[in-house]
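> Show me the folded form of this:
(chains A and B)
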Amino acid sequence: MQVVDLAETRLRDLNARLHALSADTNETLWRVENPNGQHALAVGLDAPITVEIAGHAGYYCASMNMQATVIVEGNAGVGVAENMMSGLVHVKGDASQSAGATAHGGLLVIDGSASARCGISMKGVDIVVKGSIGPMSAFMAQAGALVVLGDAGEALGDSIYEARLYVRGDVKSLGADCVEKTMREEHRSELRQLLDAAGLDGSVSVDAFKRYGSARQLYNFHVDNAAAY
Amino acid sequence: MCGIVGLFLKDPELEPQLGSLLAGMLEVMSDRGPDSAGFAVYGEGTSERLKLTVRGVRLDEVAEALGPEVEGRLRDTHLVLSFPRASEAEVRAWLAVERPDLAVTGAGERIEIYKDVGLPAAVARRFDLPGMSGTHGIGHTRMATESAVTVDGAHPFSTGADQCLVHNGSLSNHRSLRRVLEPAGMTFTSDNDSEVAAAYLSVRMREGASLPEALEAGLKDFDGFYTLVVGSRDGFAVMRDPVSCKPAVMAETDRYVAFGSEYRALVDLPGIEAARVFEPEPARVYAWERR
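The predicted structure follows:
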């Protein structure tokens, strides 16, 4: 295991070492000590490695991630896993605003809660939040799935495109063009897989969730609205 | 962008360390606000005496000129005058006539306010913040957006006895709020939008509202972006706008409540590893009171 102590090593040197790893590297397990809420920890990784962050992370932790597994053993600041392409980001505490924003792929798991704008403009990432999510989450969400075991704040899924939202608790309000939808077998199956992937193997029933998605009235051109263009 | 820090102590044993803890927090927030910095510290005080913090030059002989009952404590460009409560009008009148060049940055039983342009660490050093003790303190590092880089534009703003406010964000209706507050008797020392927020809360509290109630009222009347940290003689409160535009992180233990624009500002606090670290929710008033 490679141990990097950020009390002694500069963050840029850590990121440079991680960026230099090739796809077949043998240095597959990294531990980052004393992260102390620094920004841009383990960003832009592109190798099948695991990076454990031993504490709280600042802004944009693990953003642009490809292939790697990044585990934050604390809270994560604004924009964790922002624009992730693939891989796994696991936050063991809470996440701040805009978790998983614009992410195209991979899985983001948050053991605690996420605040405002979780999954904003998500483009294919899967996000599982074991706590609750804040207001304006999944705003303009385009693709992927957002699973929430707790509650959702105001204006969930405002102006949503084709992402799928599964919420077990209460939804304070739905945003424009976001509606509750029927859970079909394909959705139960997807939800079950995501819960399993988040380590909740069978402990949470998929029947307790409701599905929300786009009413498709806002983003589709509709002839009745022609005068508005 | 600006940086805010706040520390409210529950454990009296930490009081001698208030200044050094706050100075550390303030310095970390330099990245968010390198233009100016300021802080308010709630230190020693009694109900019989008042403290007036004044800023300016040629401060050496001010206390002496005011008479034997007035004590002065000089810290760089700031002078804290302490005098019997009954002398307040007299002291203020003397300052207005004899030393109109001096700016009063704060007044109250316990509050002292220091602010200056420059990097936060330098500002903290200049006034020996690390050497100060107290029960709570609030600091601000400013990146100017709505008004110029001047000491007048530096936070905290104090518009009532023992009250102070720091603000990260920008208010879009500060001019219209000001037009309501000026007839209510508020005077302003700057064109700063944050000073208007402070004055708004002062007026509400003068009308009988508690600090949390004044903030609740502000939720309806403030238009714009704000994360506010507010201090009163015995209280400490935090509020964010309904879209939580500006960042905020808090930590609470049995010994203190701490606020930072970012978690980085909190990492050197004692026992932070075991603290409850959370993000204050939008449009919700958080308040603590000394017992």
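> going forward, measure contacts and count neighbours with C-alpha atoms only.
OK.
> and stretch B:27-43, average pLDDT?
For stretch B:27-43, the mean pLDDT works out to 95.
> what's the answer for stretch B:226-241, then?
Looking at stretch B:226-241 alone, the average pLDDT works out to 97.
> show me the contacts for the residue in chain A that chain B sits nearest to.
Of chain A, the residue with the smallest distance to chain B, taken as Cα to the nearest Cα, is A:Gly37 at 4.8 Å. Neighbouring residues of A:Gly37 by Cα atoms under 8 Å, 6 or more residues apart in numbering or on different chains: A:55-59, A:76-77, B:262-264, B:267.
> Poorly predicted segments of chain A, please.
A:221, A:223, A:225-226, A:228-229 (pLDDT under 70).
> hey, which helix is longest across it?
Counting residues, the longest helix in chain A under DSSP state H turns out to be helix A:185-197.
> Next, the buried residues of that helix.
Residues of helix A:185-197 classed as buried under the neighbour-count rule (16 or more other Cα atoms under 10 Å in any protein chain shown) are A:187-188, A:191-192, A:194-195.
> Just among the contacts of A:Gly37, which is most surrounded?
Note: the member of those with the most neighbours is A:Ala76, at 32 neighbours, neighbours being other Cα atoms under 10 Å in any protein chain shown.
> beta partners for it?
Taking DSSP bridges, one finds A:Ala57, A:Ala95 as the beta-bridge partners of A:Ala76.
> Spit out the contact partners of it.
Each residue near A:Ala76 by Cα under 8 Å, 6+ apart is listed here: A:37, A:56-59, A:61, A:91, A:93-96.
> repeat that for 7 Å
Taking Cα atoms under 7 Å, 6 or more residues apart in numbering or on different chains, we find A:Ala76 in contact with A:56-58, A:91, A:94-96.
> Torsion angles phi and psi at the residue of chain A closest to chain B?
Main-chain dihedrals, A:Gly37, degrees, to the nearest 10: phi 70, psi 20.
> cool, and B:Arg206?
Per-residue torsions, B:Arg206: phi -60, psi -30 (degrees, to the nearest 10).
> before we move on, what about B:Glu61?
Backbone torsions for B:Glu61, taken as degrees, to the nearest 10, come to phi -100, psi 10.
> if we can go back for a sec, after the longest helix of chain A, next one along is what?
Sequence order places strand A:210-214 as the next helix or strand after helix A:185-197, per DSSP states H and E.
> Next, the angle helix A:185-197 makes with that following strand.
110 degrees (axes from the mean of the first three to the mean of the last three Cα atoms, to 10 degrees).
> partners of strand A:210-214 in the sheet?
The strands beside strand A:210-214 in its sheet (DSSP bridges) come out as strand A:164-167 (antiparallel), strand A:178-181 (antiparallel).
> one step back: how far does the longest helix of chain A sit from its chain's centre?
The gap between the average C-alpha position of helix A:185-197 and the chain average comes to 16 Å, counting by Cα atoms, centre = their mean, to the nearest Å.
> export it as PDB, just CAs?
The C-alpha atoms that make up helix A:185-197 are tabulated as PDB, following Å, rounded to 0.1, in the frame of the first residue of the first chain:
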ATOM      1  CA  GLU A 185     -40.200  -4.700 -13.300                       C
ATOM      2  CA  GLU A 186     -37.300  -3.100 -15.200                       C
ATOM      3  CA  HIS A 187     -37.100  -0.400 -12.600                       C
ATOM      4  CA  ARG A 188     -37.300  -2.800  -9.700                       C
ATOM      5  CA  SER A 189     -34.500  -4.700 -11.200                       C
ATOM      6  CA  GLU A 190     -32.400  -1.600 -11.700                       C
ATOM      7  CA  LEU A 191     -33.000  -0.400  -8.200                       C
ATOM      8  CA  ARG A 192     -32.200  -3.800  -6.700                       C
ATOM      9  CA  GLN A 193     -28.900  -3.900  -8.600                       C
ATOM     10  CA  LEU A 194     -28.000  -0.400  -7.400                       C
ATOM     11  CA  LEU A 195     -28.900  -1.100  -3.800                       C
ATOM     12  CA  ASP A 196     -26.700  -4.300  -4.000                       C
ATOM     13  CA  ALA A 197     -23.900  -2.300  -5.600                       C
END
